[in-house]
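[1] dropping a prediction and its sequence here:
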Amino acid sequence: MRRPSEVVVRVEPCALRLPEAAEFLGLRPAFVRALTARGHLRAVHVGRAVVYRTADLRAFVDRLAAEQAAGAGEAE
């Protein structure tokens, strides 16, 4: 049990590998790979590893939400 004076700090990683990035987005890894190949998501190569910055993953979702909101406004 935690004492009342304890502070819990959660640190989010700055980059995730494909399986974790897919889980972060709630998508399948194959679809994340396809989005990357089409240029919709940016991957960073660190040596032989391919990682996705969490900031880029959030920006991708924000961009989709903005596009959908703009599209919904046009439909009215």
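    Now that the structure is in, tell me what you want to look at.

[2] count residues in the vicinity of the residue nearest to F31 when sequence neighbours are not counted, would you?
    Leaving out its chain neighbours, the residue that sits closest to F31 by CB to CB, 6 or more residues apart in numbering is A22, at 7.4 Å. Every C-beta, even on glycine, is put in place using the N, C-alpha and C of the backbone. A22 has 20 neighbouring residues, counting by other CB atoms under 10 Å.

[3] list the buried residues for the helix or strand hosting A69?
    Per DSSP states H and E: A69 is located in helix 54-75. For helix 54-75, a neighbour-count test (16 or more other CB atoms under 10 Å) marks 54, 57, 60 as buried.

[4] show me how far that helix is from its chain's centre.
    13 Å (CA atoms, centre = their mean, to the nearest Å).

[5] now swap in stretch 27-40 and tell me
    The answer for stretch 27-40 is 11 Å, by CA atoms, centre = their mean.

[6] please apply the same query to stretch 21-35.
    For stretch 21-35, the distance to the chain centre is 9 Å (CA atoms, centre = their mean).

[7] rewinding a little: other SSEs contacting the helix holding A69?
    Contacts defined by 3 or more CB pairs under 8 Å, 6 or more residues apart in numbering; DSSP states H and E place helix 54-75 against strand 15-17, helix 18-25.
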